[in-house]
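[1] based on what follows, work out the 3D shape:
(chains A and B)
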Amino acid sequence: MAIIETLQKAVAAALQHYYGVEMPAEQVQVNTTSAEFTGDYTVVVFPFVKLAKKAPDVVGAEIGAFLKEKVDTVQDFNVIKGFLNLELSTEYWQSFLSELLTNPDFGKQPDNGHRVMVEYSSPNTNKPLHLGHIRNCLLGWSCSKLLEATGNQVVRAQVINDRGVAICKSMLAWQKFGEGATPESSGIKGDHLVGEYYVLFENKSKEEYAAWQKTDAARAVYQAKAKPDQPEDAFFKDFKNNWFNQYSALGTEVREMLLRWEAGDPDTVALWKKLNSWVYAGFDETYAKLGVAFDKLYYESDTYLLGKDIVEDGLKKKVFFRKDDGSVWVDLTDAGMDQKVVLRADGTSVYITQDLGTARKRYDELGCDRVVYVVADEQNYHFTVLFEVLKRLGEPYADGLHHLSYGLVELPTGRMKTREGTVVDADDLIEEVIRVAREQASEHGALDTLSPEEQEDTLRKIALGALKFFIIKVNPKKRMIFNPEESVDLQGQTGPYIQYSGVRINGLMQRVEKEKVDLAPAGSYTNFEDAEKELLKALHAYPDTVKTAAAEYDPSHLANYSYNLAKSYHRFWHDVSVFNADDPAAKAFRLQLSKAVGQVLASGMDLLGIEIPQRM
RNA sequence: GGUCCCGUAGCUCAAUGGAUAGAGCACCUGCCUUCUAAGCAGGUGGUUGCAGGUUCGACCCCUGCCGGGAUCACCA
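    Predicted structure coming up:
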């Protein structure tokens, strides 16, 4: 904020003037004053005492006097234990407020000419979205909004893992046992239907494995391969993947199906397209409910062969080397990593080959000089390697790549496990939060006069506000415990608490409209109440909060800010009267202040992907 | 075992190296005749995993331990 720079420069000038000390202005620490002291901004004078060779309170008093005289926005100061607290003039705060109100883009930055891609969600097409995808989507969406707000052009991209063994399992199970069921005939949402066949496949496979374990062949394998003293059940648990690849009839069928798919067999491709189309329709519905969207879709089936030219390139540049068997590697041991295959001996791509290829392709085609990959932290190593390799290849965009790594979402009972059926389904969860919101609303009664459509819309906003805030308030890199009961709380540190402060403001604004209140005399109101000053200071901090959240790819900063702003507003609401204020200037000022808070809350919540209802 | 991440109130989470480590939930106590009480005010609750170090000042930076997690495939 410009005021901070002004103060920094003035302090530097004071140091020069009194002590002949040269200090770069940006090294001067200016903090916001904590609530229990008088003042708006605080200069920490400890770093200067050695240079000035005077006691902290003397230095503070001298600099304070200098600032008060030379900087007209500094109205007063006090020094406590080496902290120089500065009070800005009421004129400054008044003009700040009116500037905020005339600037609908307050807190946002102008176009900086960069184009950034934010890649998020990356679902597999063999089952529906779950709680983990929700955290991913909310982070990706909010992050993309933050990047836009800080002046970037953003491309939202989704990579869809639409090929491979997983979807073939669903396809095979549907073919064998589905009897032609469709989403229409079964009344089941497409992604859930396909997911059911995936589960069915896994169950059938489990049965087959159990039966196989009783055969002589299995006994022979156990005798030959088990470690000494290894009990049978432990051995067969470990052996499962080997069995599936070598002995399983279903396994063989799936692999044959995958081969047919890769060969472009028309029937297989048609089946694949049919099931995937059901899944996409299901995903679209879930994304719509979550309020997230994409500008660009990448299908793994289009990109999985990509990246071979970059391997050639890397060989030429001696970044990669070829082993005798023909496989291509990169040696990162000098950077504390391992050697890594980038191309198999048979010439086919591996996971990282694709990512190398798509990174270059995106830069070439879309000019994205920054890419944010929103991917869970289990892939930290993969991205460290990927970025390092691209750097060594001298790719021009290599420094603009960022892995927004987020921690796993766990339940109070522990990790979600597919096998134990503890995975929280995204659609179920959304339905559940809406149900609870409906229950609470009927007790509350505030929505009773709305039309049924408006009621539904409001309930959706409240419910999703609760769910989204609950997830987004946590620092992304931390693992989070998701307690379903707490996620639907509407009181306390929650989305609805913030929405409610916005709703209160909406109510005021409607009344302003109706009663045609004159807001002009606000400027003559100068004797701010504590609650008012607190709000002004909070509003003042908004642009920096947006900047920090964007720079750190961390929406939780903004979530916490929004909560604190809402909290200050609730206190203000309680402490002072707005419409019943005793003088017209106070009334006008409080209405302007409320309007400003409403504007910033709406802006901030929008960056988090949360809507504020008209009433609740 | 190597590398990386996390350990803060009973629980879920905050705290650009700055002042007495803060919120919410839960548990108590108050506040609707006044702009929506989905709100406000107060109380209880802490050796910031442990031990050193750097600094005028450390939850934050450094070192070593302890605990939890992730990852180290010609899988994705």
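[2] go ahead and name everything in contact with stretch A:384-396.
    Taking Cβ atoms under 8 Å, 6 or more residues apart in numbering as the criterion, the residues outside stretch A:384-396 that touch it are A:310, A:313-314, A:317, A:319, A:330, A:332, A:335, A:337, A:340, A:342, A:352, A:355-356, A:359-360, A:363, A:369, A:397-399, A:401, A:403. In short, each C-beta sits where N, CA and C put it, glycine included.
[3] roughly how far is that stretch from the heart of the chain?
    Stretch A:384-396 has its average C-alpha position 25 Å from the chain's average C-alpha position, going by Cα atoms, centre = their mean, to the nearest Å.
[4] how about stretch A:220-233: buried residues?
    For stretch A:220-233, the buried set under the neighbour-count rule, 16 or more other Cβ atoms under 10 Å, comprises A:221, A:222, A:226.
[5] can you list those in TSV and add secondary structure and distance to RNA strand B?
    Written out in TSV, the entries for those read as follows (DSSP: H, G, I helix; E, B strand; the rest coil; distance: Cβ to the nearest atom of the strand, whole Å):
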residue	secondary structure	distance to RNA strand B
A:221	helix	20
A:222	helix	22
A:226	coil	21
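[6] nearest to residue A:281, of those?
    residue A:221 (43.7 Å; Cβ to Cβ).
[7] got the contact list for that closest one?
    residue A:239.
[8] how close does it sit to residue A:244?
    Residue A:221 sits at a distance of 13 Å from residue A:244 (criterion: Cβ to Cβ, to the nearest Å).
[9] now do residue A:426
    From residue A:426 across to residue A:244, the span is 28 Å (Cβ to Cβ).
[10] who has more neighbours, these two?
    For residue A:426 versus residue A:244, neighbours defined as other Cβ atoms under 10 Å are more numerous around residue A:426 (23 against 18).
[11] does the more buried one touch residue A:136 like I think?
    No: between residue A:426 and residue A:136 there is no contact under Cβ atoms under 8 Å: 10.6 Å.
[12] spatially central residue for chain A, please.
    Centrality entry for chain A: nearest residue to the mean C-alpha point is residue A:139, 1.3 Å, by Cα atoms, centre = their mean.
[13] hang on, the earlier thing: dump the buried residues of stretch A:220-233 into TSV; add pLDDT as well.
    Formatted as TSV, the buried residues of stretch A:220-233 follow (pLDDT from 0 to 100):
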residue	pLDDT
A:221	91
A:222	90
A:226	84
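[14] part of a helix, is residue A:598?
    Yes: counting by DSSP: H, G, I helix; E, B strand; the rest coil, residue A:598 is part of a helix.
[15] model confidence score at it, please.
    Looking at residue A:598, its pLDDT reads 98.
[16] same question, residue A:1
    The predicted local confidence for residue A:1 is 49.
[17] could you do the one 4 residues further on as well?
    What the model reports as pLDDT for residue A:5 is 92.
[18] ok, which residues in the stretch 51-200 of chain A are in contact with RNA strand B?
    Taking Cβ under 7 Å from any atom of the strand, the part of the stretch 51-200 of chain A that reaches RNA strand B is made up of A:80, A:81, A:82, A:83, A:85, A:161, A:164.
[19] of these, buried ones?
    A:82, A:83, A:85, A:161, A:164.
[20] surely the fourth one meets residue A:300?
    Yes: if you go by Cβ under 8 Å, residue A:161 and residue A:300 touch, sitting 4.9 Å apart.
[21] quick one: is stretch A:458-472 near RNA strand B?
    Yes: part of stretch A:458-472 sits close enough to RNA strand B to count as contact by Cβ under 7 Å from any atom of the strand, namely residue A:462.
[22] off-centre distance for that stretch?
    Averaging C-alpha coordinates over stretch A:458-472 and over its chain gives two centres that are 15 Å apart (Cα atoms, centre = their mean).
[23] looking at chain A, which residue is nearest RNA strand B?
    At 2.2 Å from RNA strand B, residue A:492 is the closest residue in chain A, using Cβ to the nearest atom of the strand.
[24] and the gap between that residue and residue A:134?
    Here residue A:492 is placed at a distance of 21 Å from residue A:134 (Cβ to Cβ).
[25] have a look at those two and say which one is more surrounded.
    Shown here are residue A:492 and residue A:134; by other Cβ under 10 Å, residue A:134 has more neighbours (23 against 9).
[26] which non-adjacent residue is nearest that one?
    residue A:426 (5.5 Å; Cβ to Cβ, 6 or more residues apart in numbering).
[27] so who does the one you found touch?
    Counting by Cβ under 8 Å, 6+ apart, residue A:426 makes contact with A:128, A:129, A:130, A:131, A:133, A:134, A:286, A:290.
[28] is it possible to get TSV of those that adds pLDDT and secondary structure?
    Listed next are these as TSV, based on pLDDT from 0 to 100; DSSP: H, G, I helix; E, B strand; the rest coil:
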residue	pLDDT	secondary structure
A:128	96	coil
A:129	96	coil
A:130	95	strand
A:131	95	helix
A:133	96	helix
A:134	97	helix
A:286	98	helix
A:290	97	helix
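[29] ok, which stretches of the stretch 451-600 of chain A are helices?
    Counting by DSSP state H, counting those that start in this stretch, the stretch 451-600 of chain A has helices at residues A:452-472, A:484-487, A:495-515, A:530-540, A:542-551, A:556-575, A:584-608.
[30] ok so residue A:329 is a strand residue?
    Yes: counting by three-state DSSP, residue A:329 is part of a strand.
[31] for it, name its beta-bridge partners.
    Using DSSP bridges, the bridge partners assigned to residue A:329 are residue A:321, residue A:341.
[32] what do you get for residue A:404?
    The residues paired with residue A:404 through beta bridges, assigned by DSSP bridges, are residue A:374.
[33] dump the residue contacts of it.
    A:139, A:140, A:143, A:372, A:373, A:374, A:375, A:476, A:553.
[34] RNA strand B contacts on the stretch 251-400 of chain A?
    The stretch 251-400 of chain A has residues A:300, A:304, A:323, A:325, A:327, A:336, A:338, A:341, A:344-346, A:349-351, A:377-382 near RNA strand B, with proximity defined as Cβ under 7 Å from any atom of the strand.
[35] can you select the buried ones from those in ChimeraX?
    Provided next is the ChimeraX selection string for whichever of those are buried by 16+ other Cβ under 10 Å:
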select /A:300,304,327,341,349,377,382
